[in-house]
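A.B. asks: Provided below for reference: sequence and predicted model.
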Amino acid sequence: MNHFELATSGPAAGELACEDVPLSRIAEEVGTPVYVYSSATLERHFTVLRDALVDAGLKDPLIAFAVKANSNVAVLRTLARLGAGADVVSEGEIRRALAAGVPPERIVFSGVGKTEPEIAFAIETGVAEINLESEPELHLVNQVAQRLGRRVPVAIRVNPDVSAGGHAKISTGKAENKFGVSFSEAERLYANASNMAGVRPVGVACHIGSQITDLAPMEAAFAKMRGLVERIRAEGLHLERLDLGGGLGVPYFNQPEPPSPAAYAQMIARATQGLDVQFAFEPGRMIAANAGVLLARVTHVHERPEGRRFLVLDAAMNDLLRPAMYDAFHDIRPVKPRPGDTLAYDVVGPVCETGDTFTRDRMLAPLEAGDLVAFMTAGAYGAAMASEYNSRLLAPEVLVRGDRYAVVRPRPTYEDMLDRERMAPWL
Ligand code: LLP
């Protein structure tokens, strides 16, 4: 469920709005391309997930929003105010979470290649746990913590070696992927960590992939995680937390319907029945994707005599990389649908490569130069993955609440872009 609907009354009746703000108003006042987020949708998704987990009997779960999905500080604060934590993978993300008001004790630091300065920063921040992805990382964290005179809570990230579907570039749970350690290694590392002065093992973690629409591989992985918890405890070691990662899919264009949060929560309760642990989760996409759109304007329609019809937009692959990178399809909706039969469009951006094609042969209501379209389900891995490729300015971000909106990241100026660079002294 999202809050991007055609307005039913008022001067913008029949037009696509975000909550009570017509998207055309944002386009006029802020310009395009622009990302627009709905506070009500963000809040609803977080609350629905938390309620589902609690209703399934998973008491007091830590829901650490995956900052990589949407790292805008106002978005993070919207979630933090509801009690969300943050799953972070870099010092930059820790700093964003802190700037948003996420308490350090709700920050989980994941990622395969944490550097020494980043680890030191996380320890000094007092994060809830550092998820360790390998043996060398365990030793590094132990050393850094001892140098700082601290004993830092850690979890061992396991790679459950299950295939979770989704695009190959975002699957993480197979042994051939770079993430985490095997179950037997996890047991050994956990025991070793218990004897180290700089770390305090508090749990185990996994994350098997993203945009998962089938609960079966998750259930298989989580059942294996339960076995691991039991074996570690049977060795007499203390373990209090089980972090089950993120990964639940969302409905993109023409994609299988993802399971509901309730079905997800019930599956977890089933797979981990009787296990007395604090659960942690790292959802990104399921919270943020449907809470955002990328709003773009049609620059022109280019019709080839031999039949192809190109809808050239002012948004490009640098603004929304997912179609080029993962062959992803986002629903595209005209902001003011025109009457008439739908037509087949190849929807493209202005960047100089063929990969800058959002979709081909998409049936859309007729569109003309100057019309607005919204890429739906763009609130996760949209702005967060944007770049300035082709020296295009980063699209601004707008947060809507009811009938108000705020520009929460303004569009930079060309001066900002050029001011970041320095001339080499010999030039
Ligand atoms: N935790 C860890 C350790 C992760 O690596 C990820 C995502 C998440 C949590 C959040 O997963 P989610 O709930 O959002 O599925 N850029 C890609 C997605 C990459 C996901 C990477 N890891 C895309 O646009 O589809």
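C.D. replies: Yep, it's here. Numbers count the residues shown, from 1 in each chain.
A.B. asks: what parts of the stretch 251-400 of the chain come near the ligand?
C.D. replies: By the rule CB under 6 Å from any ligand atom, the part of the stretch 251-400 of the chain lying against the ligand is E282, P283, G284, R285, M286, R322, Y326, Y381. For glycine as for every other residue, the C-beta is placed from the backbone atoms N, C-alpha and C.
A.B. asks: tell me which element the residue in the stretch 101-250 of the chain positioned nearest to the ligand is part of?
C.D. replies: In the stretch 101-250 of the chain, the residue that lies nearest the ligand is G246 (2.5 Å; CB to the nearest ligand atom). With the criterion set as DSSP states H and E, no secondary-structure element contains G246; it sits in neither a helix nor a strand.
A.B. asks: next one: the one 10 residues further on
C.D. replies: Taking DSSP H and E as the definition, one finds P256 inside no helix or strand.
A.B. asks: surely it and T213 touch.
C.D. replies: Yes: under the criterion of CB atoms under 8 Å, P256 lies in contact with T213, with a separation of 4.6 Å.
A.B. asks: name the residues contacting each of those two.
C.D. replies: In terms of CB atoms under 8 Å, 6 or more residues apart in numbering, P256 and T213 are both contacted by the residues G249.
A.B. asks: of these two, which one has the most company?
C.D. replies: T213 (17 against 11; other CB atoms under 10 Å).
A.B. asks: pull the contacting residues for the closest residue to the more buried one other than its chain neighbours.
C.D. replies: Spatial nearest neighbour of T213, excluding adjacent residues (CB to CB, 6 or more residues apart in numbering): G249 at 4.2 Å. Contact partners of G249, counting by CB under 8 Å, 6+ apart, are G166, S210, Q211, I212, T213, Q255, P256, P258, R285, M286.
A.B. asks: got the phi and psi for G249?
C.D. replies: The phi/psi pair for G249 (degrees, to the nearest 10) reads phi -80, psi 170.
A.B. asks: how much space separates it from E397?
C.D. replies: With distances defined as CB to CB, to the nearest Å, the gap from G249 to E397 amounts to 24 Å.
A.B. asks: about what we covered before: a markdown table for the residues of the stretch 251-400 of the chain next to the ligand, including distance to R147, secondary structure and neighbour count?
C.D. replies: Formatted as a markdown table, these follow (distance: CB to CB, whole Å; DSSP: H, G, I helix; E, B strand; the rest coil; neighbours: other CB atoms under 10 Å):
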| residue | distance to R147 | secondary structure | neighbour count |
| --- | --- | --- | --- |
| E282 | 28 | coil | 26 |
| P283 | 34 | coil | 25 |
| G284 | 32 | coil | 23 |
| R285 | 37 | helix | 27 |
| M286 | 39 | helix | 26 |
| R322 | 41 | helix | 22 |
| Y326 | 41 | helix | 17 |
| Y381 | 36 | coil | 26 |
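A.B. asks: just give me the least confident of those.
C.D. replies: Among those, Y326 has the lowest pLDDT, at 94.
A.B. asks: for the residue in the stretch 1-150 of the chain that the ligand sits nearest to, give the beta-bridge partners.
C.D. replies: Scanning the stretch 1-150 of the chain for proximity to the ligand using CB to the nearest ligand atom identifies A66 as nearest, at 3.5 Å. Taking DSSP bridges, one obtains D87 as the residues bridged to A66.
A.B. asks: do I have it right that it meets G284?
C.D. replies: Yes: in terms of CB under 8 Å, A66 counts as a neighbour of G284; the distance is 3.0 Å.
A.B. asks: what touches both of the two?
C.D. replies: Between them, A66 and G284 have D87, G246 as joint contacts when contacts are counted by CB under 8 Å, 6+ apart.
A.B. asks: in its sheet, what does the longest strand that the chain contains sit against?
C.D. replies: Of all the segments assigned as strand in the chain under DSSP state E, the longest by residue count is strand 292-303. Listed by DSSP bridges, the sheet partners of strand 292-303 and their directions read strand 34-38 (antiparallel), strand 309-313 (antiparallel), strand 372-375 (antiparallel).
A.B. asks: quick check: next helix or strand after the last one?
C.D. replies: If I follow you right, that is strand 372-375. Next element after strand 372-375 (DSSP H and E): strand 397-401.
A.B. asks: ok, the closest residue to R50 other than its chain neighbours - contacts?
C.D. replies: Here the nearest residue to R50 in space, its sequence neighbours aside, is I63; by CB to CB, 6+ apart that works out to 5.9 Å. By CB under 8 Å, 6+ apart, I63 lies in contact with F46, L49, R50, L53, G83, A84, G85, A280, F281, P283.
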